[in-house]
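K.L.:
predicted model follows, preceded by the sequence.
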Amino acid sequence: GLNMLRRAADRGDCEAMYKLFLLHRDGGPGGGVDVQTAEAYLARAADAGHAEAQHALGLNCLAGGKGNFKESLTWLGSAANKGVLEAQQLMAQFYRGSEG
């Protein structure tokens, strides 16, 4: 359950961190949406090397007027290097756009 996920995340399990991000972002079983907690788990999972979390964090850096393009490229590049297809496609688009 949720307590097991939290304990695993506290032990450094990046998959548990990512699942907790999703639960708090989407308002999963036993709780509502909590954006602040979701973002904290996302950052922890990305820092721990979780590829999908790195991709999501890269997208978050571009969304909502945050506009941190350099940080976004860092996270998307990490995710792309780990085989996340959408991150690879975005990086290719960024590089193609920068060549013009």
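P.N.:
Perfect, I can see it now. Numbers count the residues shown, from 1 in each chain.

K.L.:
buried residues in the helix or strand bottoming out on mean pLDDT in the chain?
P.N.:
Between all helices and strands in the chain, the lowest mean by mean pLDDT, DSSP states H and E belongs to helix 85-99, at a mean of 88. By neighbour count with 16 or more other C-beta atoms under 10 Å, helix 85-99 contains the buried residues 87-88, 90-91. Bear in mind the C-beta positions are built from the backbone N, C-alpha and C, glycine included.

K.L.:
where do the helices sit along the protein?
P.N.:
For the chain, helices defined by DSSP state H occupy the ranges 2-10, 14-26, 35-47, 51-62, 69-81, 85-99.

K.L.:
and residue 57, what does it touch?
P.N.:
Each residue near residue 57 by C-beta atoms under 8 Å, 6 or more residues apart in numbering is listed here: 42-43, 46, 75.

K.L.:
state the pLDDT value of it.
P.N.:
Reported pLDDT at residue 57 in the predicted model: 96.

K.L.:
in the chain, which residue is most central in space?
P.N.:
residue 53 (2.7 Å; C-alpha atoms, centre = their mean).

K.L.:
my guess is it contacts residue 19, does it?
P.N.:
No: assessed by C-beta atoms under 8 Å, residue 53 is found out of contact with residue 19, at 10.2 Å.

K.L.:
burial measure for the closest residue in space to residue 78 that isn't next to it in sequence, as a count.
P.N.:
Spatial nearest neighbour of residue 78, chain neighbours left out: residue 54 (4.5 Å); criterion: C-beta to C-beta, 6 or more residues apart in numbering. Applying the criterion other C-beta atoms under 10 Å, we find 27 residues in the vicinity of residue 54.
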